[in-house]
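Peer 1: Just to be clear, the model below is a prediction. Sequence and coordinates:
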Amino acid sequence: MWNRRDWDEFFGIVAKRWRTHRPPRPVDMSRRNRLVPAEGYSLAELDDAGLSIEQAEMLGLPVDAGRVGAYGPNVASLREYIRATRSRS
């Protein structure tokens, strides 16, 4: 039977693993020059990062086909996430 310390250690390990490989959230610039959360990555951002729609869905990344254009920080975070997931496998 597990005691409290065992459970604390277990949840600490699980939370740590999730934080290090959590998919990045896409952001977009609003009309007032503020960053707002976006529904998903645009097709241009996926293309610039070297991903197809199928690969993005396999990685659990949200895709918004209605968004137009690419936001540079989104592309950079996608590339970093791809490197992290490939090195983990």
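Peer 2: Arrived safely.

Peer 1: all contacts plus neighbour counts: C-alpha atoms, from now on.
Peer 2: Noted.

Peer 1: for this structure, what spans make up the strands?
Peer 2: 27-29, 35-37 (DSSP state E).

Peer 1: contacting residues for the nearest residue to L43 once chain neighbours are set aside?
Peer 2: In this structure, L43 finds its nearest non-sequential neighbour in A65, 6.1 Å apart by Cα to Cα, 6 or more residues apart in numbering. By Cα atoms under 8 Å, 6 or more residues apart in numbering, the residues touching A65 are Y41, S42, L43.

Peer 1: Could I get the contacting residues of the last one?
Peer 2: What it means is L43. I53, V63, D64, A65, R67, V68.

Peer 1: Equivalent analysis for A56, please.
Peer 2: The contact partners of A56, by Cα under 8 Å, 6+ apart, come to L46, P62, V63.

Peer 1: So for stretch 61-72, mean pLDDT?
Peer 2: Stretch 61-72 shows a mean pLDDT of 92.

Peer 1: Is it possible to get a markdown table of the contacts of L43 that adds distance to R34?
Peer 2: Below are these laid out as a markdown table (distance: Cα to Cα, whole Å):
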| residue | distance to R34 |
| --- | --- |
| I53 | 27 |
| V63 | 21 |
| D64 | 20 |
| A65 | 22 |
| R67 | 17 |
| V68 | 17 |
